[in-house]
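>>> Below are the sequence and a predicted model; questions follow.
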Amino acid sequence: MSEIPFPYLQNGSDRVALVEGHNSYNYSEVNSRINRFATGLLGDQEDLQEERIAFFMPASLDYVTTMHGVWRAGGIAVPLNVASAVSELDHYLTCASVTRMIANAEYQDLLRELCDSLNIQLLSVEDLLAEEAGRLPEIAAERRAMMLFTSGTTNKPKGVVSTHKTIRAQITTLIDAWAWTEEDVIPLFLPLHHIHGIINILSCGLWAGATVHLFAKFDIPKICAQIVAGTYNVFMAVPTIYVKLIQYFDTIDPAEIQTICDGFKDMRLNISGSAACPVKLFNQWKDLTGQVLLERYGMTEIGMGISNPYDGEKRAGAVGQPLPGVECQLFDEDDTPITEEAIAGEIRIKGDNVFLEYWDNEAATRESFKDGWFCTGDVAVVEDGYYRIMGRSSVDIIKSGGYKLSALEIEGVLLTHDDITEAAVIGVEDDTWGEAVTAFVGIKDGSTLEYDALKDWCDGRMSSYKIPKSIIIVESLPRNAMGKVTKPALKEML
Ligand code: MCA
Ligand code: AMP
């Protein structure tokens, strides 16, 4: 077994690693804080032996301390979505058999009852910071490092487990492909329970010795002020963020728009990903800022797989070519590799970047691989050497604002409503969100269902971004001979 060179972040330098509000922290400070935290986590153990440690906190020094501290102490990091409903957290914590949860003071009240009921120790970073760093274990690269929850075609999200080797492969391919250097400065405002924020921005930034500015949320005025000041030279976001920036420009005066666009123009790289970037948006962004968006394709299970070139044509509506170290092949429905251009097939991936397993779910892991290839469920074609994503093989997966949502999970919650007799959820094309969650429901005779009341009811039962943007009440849902709802027919109804 090979040993992973720790740390994932540059050691001992005076360069600024993280900026959080008015505070900045250099690499030496961050490293020594991580080592003290890892030491506290270990207590009198030599190695956490893949103990699952969950954490519930926005982008912050504490987040970085916890993630890297868990890694250095030999645990599996389970970063959670701070926008989760408690019922969703229950599933994540139970599924992963989490034993300790790290949360900031502001979240502890919210989590206490749940943690008590699951026998999970609730702690803060401060609670665990040892006076001095002690001896830390050597961690083999093949060991499990992180578990991220992903929605799929099943009711409940699955835990995607990556090893240190996986994470390292996912980071290093991007360091080269996107030409990261320690001169880079990047804002991080995406949630930190997904690859986009964790690997593409935070981990690549820290691996390269760059500076990452942490924002607890996508705060447009604050981020734009920094862009005007010329703070950043790299910007990565989901398409919805670019849409929201353009919508924001409608609310400010032309001179201000110009200074923000000039700030973008001076950057070396603007990237879009996690969902399809419409050609219209690509062109709007180019007209406004002069930036040609680099679009890339990824997935929780593989990190980044395909990317437009850093040097070379960044093509609108396409995601480019497989990244170095990533094997990518399209397959037809008979599992035959497609060797010609312009024929659509499922994207399948091999390489060190591919995850190890779905946690505690051997059947799902087995089903997701064929002949050693990970089957993404995404359909693409190759045109003139460039991959173009055509869609997904499942109608039960929705991409809203970059979040992957399971229609079945949302239907499952709606069906627990007293007045709802049947429910079907689909994603409907939407300029802001890419796809907007839309629910078709049948209700009990004599009952009524107002959208606002249903939205309030959903609040607390699912993360807010999963709540349907519209509800359509139907006499009955269209079903096939097997009794299964025909979702394409629902799209036609609209
Ligand atoms: C917020 N809202 C949403 C979404 N986000 N509704 C639908 N879809 C969404 N994605 C709703 C809230 O529920 C709320 O509704 C209202 O919008 C305002 O919420 P707020 O949080 O203030 O919105 P925002 O800050 O403008 O958030 C938009 C966002 C966010 C910044 C685009 O959705 C986001 O961070 N998305 C990126 C997620 C991401 O990182 N995905 C990568 C995973 P109401 O007002 O009614 O209560 S994919 C990945 O990692 C793979 C590997 C890859 O390829 O990258
Ligand atoms: P997630 O599992 O949340 O990581 O989401 C991964 C999914 O996002 C992929 O399987 C694709 O369906 C979608 N995706 C990511 N990047 C792109 C892109 N550039 N274009 C279209 N879809 C994308």
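Noted; the coordinates are in hand. Ligands and ions are numbered 1, 2, ... in the order given.

>>> switch to C-alpha atoms for all contacts and neighbour counts from now on
Will do.

>>> what mean pLDDT does the longest helix along the chain have?
Counting by DSSP state H, the longest helix found in the chain is helix 27-42. The average of the pLDDT scores along helix 27-42 is 96.

>>> Contacts for it next, please.
Helix 27-42 is contacted from outside by 9-17, 48, 61, 64-66, 68-70, 72-73, 125, 128-136, 209, using Cα atoms under 8 Å, 6 or more residues apart in numbering.

>>> Now find how far off-centre the helix or strand just after it is within its chain.
The first helix or strand that comes after helix 27-42 along the chain, using DSSP states H and E, is strand 52-56. Taking Cα atoms, centre = their mean, to the nearest Å, one finds the center of strand 52-56 at 16 Å from the center of the full chain.

>>> Okay, buried residues for the helix or strand that strand 52-56 is followed by please.
Towards the C-terminus, the helix or strand next in line after strand 52-56, according to DSSP H and E, is helix 61-73. Buried residues in helix 61-73, counting neighbours by 16 or more other Cα atoms under 10 Å, are found at 61-73.

>>> next one: stretch 451-467
For stretch 451-467, by 16+ other Cα under 10 Å, it's 455, 458, 461, 462, 463, 465, 466, 467.

>>> wait, which of these is closest to ligand 1?
residue 465 (3.8 Å; Cα to the nearest ligand atom).

>>> A helix includes that closest one, no?
Yes. Residue 465 forms part of a helix when assessed by DSSP: H, G, I helix; E, B strand; the rest coil.

>>> Check which helices and strands the helix or strand bottoming out on mean pLDDT in the chain sits against.
Ranked by mean pLDDT, DSSP states H and E, the weakest helix or strand in the chain is helix 487-493, scoring a mean of 91. Where contact means 3 or more Cα pairs under 8 Å, 6 or more residues apart in numbering; DSSP states H and E, helix 487-493 is packed against strand 420-430.

>>> what's the average pLDDT for the strand it packs on?
97.

>>> residues touching the nearest residue to residue 307 once chain neighbours are set aside, list them.
Nearest non-adjacent residue to residue 307, counting by Cα to Cα, 6 or more residues apart in numbering: residue 296, 4.1 Å away. By Cα under 8 Å, 6+ apart, the contact set of residue 296 is 271, 272, 273, 274, 304, 305, 306, 307, 308, 319, 320.

>>> Which one of the residues you listed is nearest to ligand 1?
Closest approach to ligand 1 among the contacts of residue 296 (Cα to the nearest ligand atom): residue 274, at 3.4 Å.

>>> Next one, pLDDT for the closest one please.
pLDDT for residue 274: 97.

>>> Kindly report the same for the one 5 residues further on.
According to the predicted model, the pLDDT of residue 279 comes to 97.

>>> what's the neighbour count on it?
13 (other Cα atoms under 10 Å).

>>> In contact with it, which residues?
For residue 279, the contact set (Cα under 8 Å, 6+ apart) comprises 316, 317.

>>> thinking again about what came up before, nearest to ligand 1 among the buried residues of helix 61-73?
Of all these, residue 63 has the smallest distance to ligand 1: 15.9 Å, by Cα to the nearest ligand atom.

>>> could you measure that closest one against ligand 2, distance?
According to Cα to the nearest ligand atom, to the nearest Å, residue 63 stands 20 Å off from ligand 2.

>>> Please name the residues that touch that residue.
By Cα under 8 Å, 6+ apart, the contact set of residue 63 is 55, 57.

>>> Now do it, the pLDDT please.
Note on residue 63: pLDDT of 98.

>>> now the helix or strand hosting residue 405: mean pLDDT?
Using DSSP H and E, residue 405 maps to strand 403-406. What strand 403-406 shows for mean pLDDT is 96.

>>> what about the most far-flung residue of the chain relative to its centre, distance to residue 452?
Computed with Cα atoms, centre = their mean, the maximum C-alpha offset from the centroid of the chain is found at residue 446, amounting to 42.1 Å. Per Cα to Cα, to the nearest Å, residue 446 is found 19 Å from residue 452.

>>> still on that earlier bit, a strand runs through the residue nearest to residue 307, doesn't it?
Yes. Applying three-state DSSP, one finds residue 296 inside a strand.

>>> With neighbour count and distance to ligand 1 added, can I get the contacts of residue 296 in CSV?
Shown next, in CSV, are the contacts of residue 296 (neighbours: other Cα atoms under 10 Å; distance: Cα to the nearest ligand atom, whole Å):
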residue, neighbour count, distance to ligand 1
271, 19, 11
272, 22, 9
273, 22, 5
274, 25, 3
304, 27, 6
305, 29, 9
306, 23, 10
307, 26, 10
308, 26, 13
319, 28, 11
320, 26, 14
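
>>> For residue 489, state which of those is nearest.
Set against residue 489, the nearest of the contacts of residue 296 by Cα to Cα is residue 274 (27.0 Å).

>>> ok, now which ones touch residue 320?
295, 296, 306, 307, 308, 309, 314, 385, 386, 387, 388 are the contacts of residue 320 under Cα under 8 Å, 6+ apart.

>>> So which of these sit within strands?
Of the positions in those, 295, 296, 306, 307, 386, 387, 388 sit in strands, assigned by DSSP state E.

>>> how much space is there between the residue of the stretch 1-150 of the chain found nearest ligand 1 and residue 26?
When scored by Cα to the nearest ligand atom, the stretch 1-150 of the chain has residue 83 as its residue closest to ligand 1, at 8.4 Å. Look at residue 83 and residue 26: by Cα to Cα, they are 29 Å apart.

>>> next one: residue 438
From residue 438 across to residue 26, the span is 46 Å (Cα to Cα).

>>> now residue 409: how far from residue 110?
The gap separating residue 409 from residue 110 is 23 Å, by Cα to Cα.

>>> Settle it for me: which of those two has more neighbours?
More neighbours surround residue 409 than the other of residue 409 and residue 110, with 21 against 11 (other Cα under 10 Å).

>>> mind listing what the more buried one touches?
Contacts of residue 409 by Cα under 8 Å, 6+ apart are 154, 155, 156.
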